[in-house]
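In: Quick one: sequence plus predicted model below, questions after.
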Amino acid sequence: MLYLKLRKMKNRSELTEKVIRISELVMAELPYSFDIDDIFSPSRNKKLVTARSIIAYCLRRQNHSFPQIGKALNRNHATILNLQKHFKKNVDKYKEPYKSALDKIDTILSNDQVNSSLSPAEIAKQIKEQEVKLDIIEARLKVLRAQIASMQQQNEK
């Protein structure tokens, strides 16, 4: 329910957007299934704690504070601090699926940051360049269609 409320909110914060994005990535990458609302629930299930740890770790790597992460995950900041302490200590002990999931998520998030680092002016410039390229392609296509039509007319004669 909370997840659906977060998705439907019109004025979501940047951190809320990141939590939603990272939660979806964690769900997709971990070898077991769970409901995304469980991430925000009070459950202490080991699999959910691991998923929360990965989410908190990713958010921390993006320079969010422990209180911010705690608020986003419906937890106390001390809980997040404790999650991170145990996660960093045990990250090498985690089985391969967890480590590979974390690597994939880090890669995706770093690509997202690169793409979102463009200013609106740069994005507008890229759009304009793509529109010019599209116009050139459409003009070439028109010429080719005319050539094909003339060739077909010659073949018919």
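Out: Right, received. Where do you want to start?
In: Let me know whether Ile39 touches Leu25 as I believe.
Out: No: with contact defined as Cβ atoms under 8 Å, Ile39 does not reach Leu25; the gap is 11.9 Å. The C-beta positions use only the backbone N, C-alpha and C, and glycine is treated the same way.
In: Looking at the record's assignment, how would you partition the chain?
Out: According to automatic domain parsing, the chain comprises the domains 2-117, 119-157.
In: which one of these is the most hemmed in?
Out: Ranked by mean neighbour count, the domains of the chain are led by domain 2-117 with a mean of 15 (mean count of other Cβ atoms under 10 Å).
In: least trustworthy helix or strand in the chain by mean pLDDT?
Out: Scoring the helices and strands of the chain by mean pLDDT, DSSP states H and E places helix 2-8 at the bottom, with a mean of 54.
In: Where does pLDDT dip in this structure?
Out: 1-12, 92-97, 112-120, 122-124 (pLDDT under 70).
In: Quickly find the element holding the residue nearest to the spatial centre of it.
Out: Within the chain, the residue whose C-alpha comes closest to the C-alpha centroid is Arg21; the distance, by Cα atoms, centre = their mean, is 4.5 Å. Assigned by DSSP states H and E, Arg21 falls within helix 14-29.
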